[in-house]
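>>> Got a sequence here, can you model it:
(4 chains)
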Protein chains: 2
Amino acid sequence: MNKKMISEEEMQIWHMWKSSYKRIFGRVVKDMFEKTGLSEGDFGILDRLDLFGKGKLRQQELADSMDWTKSRLSHHLTRMEKRGLVLREPIKTERGVQVITTSAGKSALEDARPVVSMAIREYFLDLLTEQDIESITTLAERTKAKSSSACNTPPS
Amino acid sequence: MNKKMISEEEMQIWHMWKSSYKRIFGRVVKDMFEKTGLSEGDFGILDRLDLFGKGKLRQQELADSMDWTKSRLSHHLTRMEKRGLVLREPIKTERGVQVITTSAGKSALEDARPVVSMAIREYFLDLLTEQDIESITTLAERTKAKSSSACNTPPS
DNA sequence: ATCTTTTGGTTGACACGTCAACCAAAATTT
DNA sequence: AAATTTTGGTTGACGTGTCAACCAAAAGAT
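Numbering: from 1, shown residues only, chains lettered A, B, ... in the order given. So this is what the prediction gives:
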């Protein structure tokens, strides 16, 4: 319960962290977009359709795997459908919609994979020391932990 | 010039890094928005108007200090003006526009400062080890450096 | 003095996200 | 069986960002 405002230096850490992220992430995304026409969302969707579903997946499944709301995914798919990357098809046997990668979608994904890979290496991995990697890994644990421990009201 | 695709583990580092950022940043921004009604952009603008300009600044100056395009700032100010947080006023002596914090803007800023401070501490600083801080600091240097050294074509 | 470029700013179109409202088909309750 | 809740998905409004086109005032060039 530390009520003191954070210091100038602490604020600097925050700013450095934010701007590093934005620079690196921006470079990767921009590279991918310029070279393949895919956004991060597009890539994530096509990637999961390929890996988890061999080209098709139920919409809700897809949303869960990306940690997206159904609304967000619905909007995004509408745009991707318009561009011919995926199509939606009602499921006969049960409720729900199948999302299917088109051939254009498949080839866009195949084009993008190496580009993304190279960009992540160049703009991110190449900048990291062993220590950085350790930091990233452990911080990720700690952030995940934080989600489940917002215990103002302890479990009954 | 490493042409090999990155490994599964390397991709994991990337994903961990992204999701840590998104979680932490999301928490801070959400907290601020829920408690004060200000977005990150709003806060940045009001903060700079206060620190650099004692309540007023030329639009382009402001844009530069935030590393925003003039277009982005123009759009954002239009929205903030509608909400009564700032106002724009042509400069008589020279070309350009003064951005001025309204009293509503000032008080929103004063309300937000401690909230932001606390959120950054709780969701970010409290999670960091000394090592993490060192990593963040040095990585920031390295990312900044990378910007100026995209030398496929060396300077003439 | 006129022509050109730079500077400061706006605007419209569109991608991306969130939120809340809505809808219909299951699945459960009662 | 009828009423209720949950689930899967869409939609519209609006905040946020980018890009390109536009505009006018200022500064420089010829």
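>>> Would you mind pulling up the elements that the helix with the most length in chain A packs against?
Longest helix of chain A, by residue count under DSSP state H: helix A:8-36. Helix A:8-36 is packed against helix A:40-53, helix A:103-123, helix B:8-36, helix B:103-123, helix B:130-148, with contacts defined by 3 or more Cβ pairs under 8 Å, 6 or more residues apart in numbering or on different chains; DSSP states H and E. Using the backbone N, CA and C atoms, a C-beta is placed for each residue, glycine as well.
>>> count of residues packed around the nearest residue to A:Phe25 once chain neighbours are set aside?
Distance criterion Cβ to Cβ, 6 or more residues apart in numbering or on different chains; nearest residue to A:Phe25, sequence neighbours excluded, is B:Lys18 at 7.1 Å. By other Cβ atoms under 10 Å in any protein chain shown, the residues close to B:Lys18 number 17.
>>> try the one 10 residues further on
Using other Cβ under 10 Å, B:Val28 has 22 other residues around it.
>>> Quick check: it vs DNA strand C, distance?
14 Å (Cβ to the nearest atom of the strand, to the nearest Å).
>>> Skipping adjacent residues, who's closest to the residue nearest to the spatial centre of chain A in space?
The C-alpha lying nearest the average C-alpha coordinate of chain A belongs to A:Gly44 (Cα atoms, centre = their mean; 6.1 Å). Of all residues not flanking A:Gly44 in the chain, A:Met66 sits nearest, at 5.6 Å (Cβ to Cβ, 6+ apart).
>>> what does chain A have sitting close to DNA strand D?
Residues of chain A lying close to DNA strand D by Cβ under 7 Å from any atom of the strand are A:30, A:58-60, A:63, A:70-71, A:73-75, A:77-78, A:88, A:95-97.
>>> are any of the residues you listed buried, and which?
Buried members of the residues of chain A next to DNA strand D, counted by 16 or more other Cβ atoms under 10 Å in any protein chain shown: A:Arg58, A:Gln59, A:Ala63, A:Leu73, A:Leu77, A:Val97.
>>> Good, we can wrap up now.
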